[in-house]
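Chemist: Build the 3D model from these lines:
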Amino acid sequence: TRAVQLHLGSNPTDPLLPFRTVVDAELLDFDGDGFRDLAVLSQPSSISDLGARLHVYSLRTGATLWESPRLGVGLTQAVGLHMQPGTGQFLLVAALPDGLHAFGVQSRQLEWTHPIGVAETAYVADAPGGPEIVVVDANGGVAYLDAGTRNLRRRHSLSGPALSVTPVPGLPALLYEESSRMTLRYLDGTLI
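Modeler: I've put the predicted structure just below:
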């Protein structure tokens with residue numbers, strides 16, 4: 001129908017996200033009703049509503065299904081959001097500059113945090129040794145964490161900071177947007 005089901009914005013009169021900016025989003029069936037819902041990671045756009053937050057909205061009704069407590073302090077900048085399997089439930093993992101924060105989809109509780117410097121992040125479900133969380137720091141250092149335990153598997157460095165990192169479906173590789181170029185690298189960091 002091309003009808004707008006849900007509008008999220010950063011203006012003060014937005015009824016769902018006043019004074020906030022959407023950073024990333026994921027689709028999931030949060031309430032188990034068979035319809036996809038929208039999980040959103042937001043950050044403050046003014047001092048009127050501080051801290052990063054996760055929000056889940058029904059795409060069927062537009063209703064707010066859940067909001068996380070505030071993550072970070074002040075005008076915390078958010079980095080990204082991904083979903084991953086957890087112990088008995090899926091997890092929504094919010095990445096902030098100071099680390100990862102995982103909330104259970106069913107429990108709606110903070111399940112774990114992992115302190116690590118994050119400038120960019122990606123979830124690689126089909127890594128050869130099992131699912132991984134890839135974390136790129138502000139200097140271009142890349143850490144590969146076991147998605148289940150968050151133990152460090154390996155690390156390498158890029159030539160400088162990355163603006164984005166994206167898994168390549170069907171290939172054990174990542175596409176990095178570096179400062180002046182795009183690079184395609186295997187999961188051990190070697191260029192393809």
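Chemist: Tell me who's in contact with residue 166.
Modeler: Listed by Cβ atoms under 8 Å, 6 or more residues apart in numbering, the contact partners of residue 166 are 122, 174, 175. The C-beta positions use only the backbone N, C-alpha and C, and glycine is treated the same way.
Chemist: by contact count, what packs against the helix or strand that the first one is a member of?
Modeler: Element membership of residue 122, judged by DSSP states H and E, is strand 120-124. Helices and strands touching strand 120-124, as assessed by 3 or more Cβ pairs under 8 Å, 6 or more residues apart in numbering; DSSP states H and E, comprise strand 80-85, strand 132-136, strand 162-167.
Chemist: can you redo those strands as JSON lines with mean pLDDT?
Modeler: Formatted as JSON lines, the entries for the helices and strands packed on strand 120-124 read as follows, by pLDDT from 0 to 100:
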{"stretch": "strand 80-85", "mean pLDDT": "95"}
{"stretch": "strand 132-136", "mean pLDDT": "97"}
{"stretch": "strand 162-167", "mean pLDDT": "94"}
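Chemist: Give me the residues contacting the strand holding residue 122.
Modeler: With Cβ under 8 Å, 6+ apart as the test, strand 120-124 has contacts from 79-80, 82-84, 93, 95, 100, 131-136, 147, 162-167, 172, 174, 187.
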